[in-house]
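> my questions concern the predicted model and sequence given below.
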Amino acid sequence: MTADVQTTRDVIDIITGGWRAQALYSAVKLGLPEHIEAGRDTDAELAKATGANEEGLHRLMRLLVAMGIFEGGDSTGYRSTRVSAALLDGPESLSGMCLLYGEEFYSAWGHAHHAFSTKSSGFEAAYGVPFYEYLGQNEATTRRFQLTLNAASMFFHRVPEVFDFSGKKVVDVGGGGGHLLATVLGAAPDAQGTLFDREHMMPKAREHLSTTVGLDRVELVGGDMFKGVPEGGDVYILCRVLAGWDDEAVVGVFENCRRAMADSSSRLLLLDRLVEDENSTVLPALWDLHLLMTTGGAHRTVGRITRLLDRAGLDIVGTAELPMENTALIAAPRAL
């Protein structure tokens with residue numbers, strides 16, 4: 001059966017998605033959003049500012065305008081859009097995400113067939129080492145990864161709306177640069193916080209927390225969540241830290257949190273993107289495959305998470321939906 005024109009167009013739109021992503025990556029790599037925002041709005045001016053070939057830039061800009069990244073043209077001057085504004089340097093910029101996805105992650109997806117066939121990391125096939133080991137060896141990539149996590153934090157402001165942190169001692173396990181903990185403590189002025197993560201995350205976390213909520217309300221503790229977590233918390237948060245690890249490791253983290261809880265009123269708050277095996281939407285399914293490409297990991301269904309929590313003596317007592325198809329699961333310790 002011959003495909004109709006629309007079907008052919010649909011297929012072409014899908015298979016050229018990587019080309020569009022690389023065009024956007026190239027724009028960020030060349031610093032085009034900053035240059036155009038600064039008024040360098042012709043091909044010649046952009047070529048001079050970036051050192052790139054003028055004709056190559058003209059052809060790239062033609063596509064970027066068609067994609068809605070910029071507006072205008074060489075004869076009338078290129079102009080910024082809300083999309084290019086999101087790529088400008090700054091704490092909320094998406095530029096780090098574009099660079100990471102355009103380089104390391106793009107290379108990982110180049111080994112997609114291998115990853116699907118072997119259920120192993122495409123990143124490791126591309127780079128020869130596991131993703132997190134690579135991060136430990138490459139400071140620039142680590143910075144991009146942290147910026148990517150920060151950029152994906154647009155649901156953080158909703159977290160205090162689905163859980164009451166008032167007066168609580170909050171332990172953010174794997175808290176990274178402290179953005180979630182700062183949001184939580186900002187919404188609950190009488191709460192205290194502990195940020196727990198690897199030692200190499202402490203400088204960035206200290207810098208951010210000191211300028212947001214103040215270090216008088218926060219304790220920073222370096223360590224390994226698979227070996228133990230700080231004791232005495234009223235609520236333990238695990239935000240987007242479990243998907244890269246196998247079930248046994250995750251149960252171990254749940255058990256560590258369960259043992260460390262102050263009492264039976266303590267709670268474990270899981271914030272993550274979950275998948276559904278039936279009637280799935282595109283974004284969670286894509287992100288699940290992306291985990292396979294990068295770490296060999298996977299997103300889990302609610303049922304699977306429930307079984308892992310049960311093994312650790314925890315029961316789900318509440319759920320809430322968050323932006324960008326994230327979910328909050330609230331778990332309580334089971335009476336012994």
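All right, it came through fine.
> domain assignment for this protein?
Residue ranges for the domains of the chain, per automatic domain parsing: 5-85, 95-150, 152-333.
> and the ones you listed as TSV, adding mean pLDDT?
Below are the domains of the chain laid out as TSV (pLDDT from 0 to 100):
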stretch	mean pLDDT
domain 5-85	96
domain 95-150	91
domain 152-333	94
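> could you pull out the strands for the stretch 51-200 of the chain?
70-73, 77-80, 169-173, 192-197 (DSSP state E, counting those that start in this stretch).
> same deal with the stretch 201-336 of the chain?
Counting by DSSP E, counting those that start in this stretch, the stretch 201-336 of the chain has strands at residues 218-222, 235-239, 267-272, 314-322, 326-333.
> what is the fourth one packed up against?
Based on contacts counted as 3 or more C-beta pairs under 8 Å, 6 or more residues apart in numbering; DSSP states H and E, the elements that strand 314-322 packs against are helix 159-162, strand 267-272, helix 302-311, strand 326-333. C-beta: built from backbone N, CA, C; applies to glycine.
> most tightly packed of these?
strand 267-272 (a mean of 22; mean count of other C-beta atoms under 10 Å).
> got the angle between that one and helix 302-311?
Angle, strand 267-272 to helix 302-311, by axes from the mean of the first three to the mean of the last three C-alpha atoms, to 10 degrees: 150 degrees.
> now do strand 267-272: which elements does it pack against?
Counting contacts by 3+ C-beta pairs under 8 Å, 6+ apart, strand 267-272 is packed against strand 235-239, helix 247-260, strand 314-322, strand 326-333.
> quick one: the helices in the stretch 51-200 of the chain?
Residue ranges of the helices in the stretch 51-200 of the chain, as given by DSSP state H, counting those that start in this stretch, are 54-66, 82-85, 95-102, 104-109, 112-118, 122-127, 131-137, 139-151, 159-162, 179-187.
> for G17, which of those is the nearest?
Closest to G17 of these is helix 104-109 (C-beta to C-beta; 10.7 Å).
> tell me who's in contact with the residue nearest the centre of the chain.
Closest residue to the average C-alpha location of the chain: L149 at 3.6 Å, with C-alpha atoms, centre = their mean. Counting by C-beta atoms under 8 Å, 6 or more residues apart in numbering, L149 touches G176, G177, R240.
> in this model L147 seems to touch the first one, though I could be wrong.
No. With the criterion set as C-beta atoms under 8 Å, G176 and L147 do not qualify as a contacting pair; they are 10.9 Å apart.
> the strands of the stretch 201-336 of the chain: which one's closest to L24?
With C-beta to C-beta as the criterion, L24 lies closest to strand 326-333 of those, at 23.5 Å.
> next, the angle strand 235-239 makes with the closest one.
If you take the same axes, to 10 degrees, strand 326-333 sits at 150 degrees to strand 235-239.
> where's R20, which helix or strand?
Element membership of R20, judged by DSSP states H and E, is helix 17-29.
> remind me what that helix packs against, helices and strands.
Helix 17-29 is packed against helix 54-66, helix 95-102, helix 104-109, with contacts defined by 3+ C-beta pairs under 8 Å, 6+ apart.
> can you tell me what sits against that helix?
For helix 17-29, using C-beta under 8 Å, 6+ apart, the contacting residues are 33, 60, 63-64, 67, 69, 84, 87, 95, 98-99, 101-103, 106, 109.
> of those, select the buried ones using a PyMOL command.
Per 16 or more other C-beta atoms under 10 Å, the buried members of the contacts of helix 17-29 correspond to this PyMOL selection:
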select buried, resi 33+60+64+69+84+87+95+98+99+101+102+106+109
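> and the contacts of helix 17-29, which is closest to D277?
In terms of C-beta to C-beta, no member of the contacts of helix 17-29 lies closer to D277 than W109, at 22.9 Å.
> burial of the nearest residue to the closest one once chain neighbours are set aside, as a residue count?
Once flanking residues are discounted, W109 sits nearest to M293: 5.4 Å by C-beta to C-beta, 6 or more residues apart in numbering. Neighbours of M293 under the rule other C-beta atoms under 10 Å: 27.
> repeat that for A112.
14.
> same question, L289
17.
> next one: E199
E199: 11 surrounding residues under other C-beta under 10 Å.
> please report how far it lies from L308.
27 Å (C-beta to C-beta, to the nearest Å).
> cool, and F165?
On the measure of C-beta to C-beta, F165 and L308 end up 24 Å apart.
> distance between the ends of stretch 169-182?
Distance between the two ends of stretch 169-182: 13 Å, counting by C-alpha to C-alpha, to the nearest Å.
> what's the burial count for G31?
A count of neighbours around G31, defined by other C-beta under 10 Å, yields 18.
> correction: the previous question concerned L286.
If you count neighbours by other C-beta under 10 Å, L286 ends up with 10.
> how about JSON lines for the helices and strands packed on helix 17-29, with distance to V229 added?
Below are the helices and strands packed on helix 17-29 laid out as JSON lines (distance: least, C-beta to C-beta, whole Å):
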{"stretch": "helix 54-66", "distance to V229": "46"}
{"stretch": "helix 95-102", "distance to V229": "28"}
{"stretch": "helix 104-109", "distance to V229": "29"}
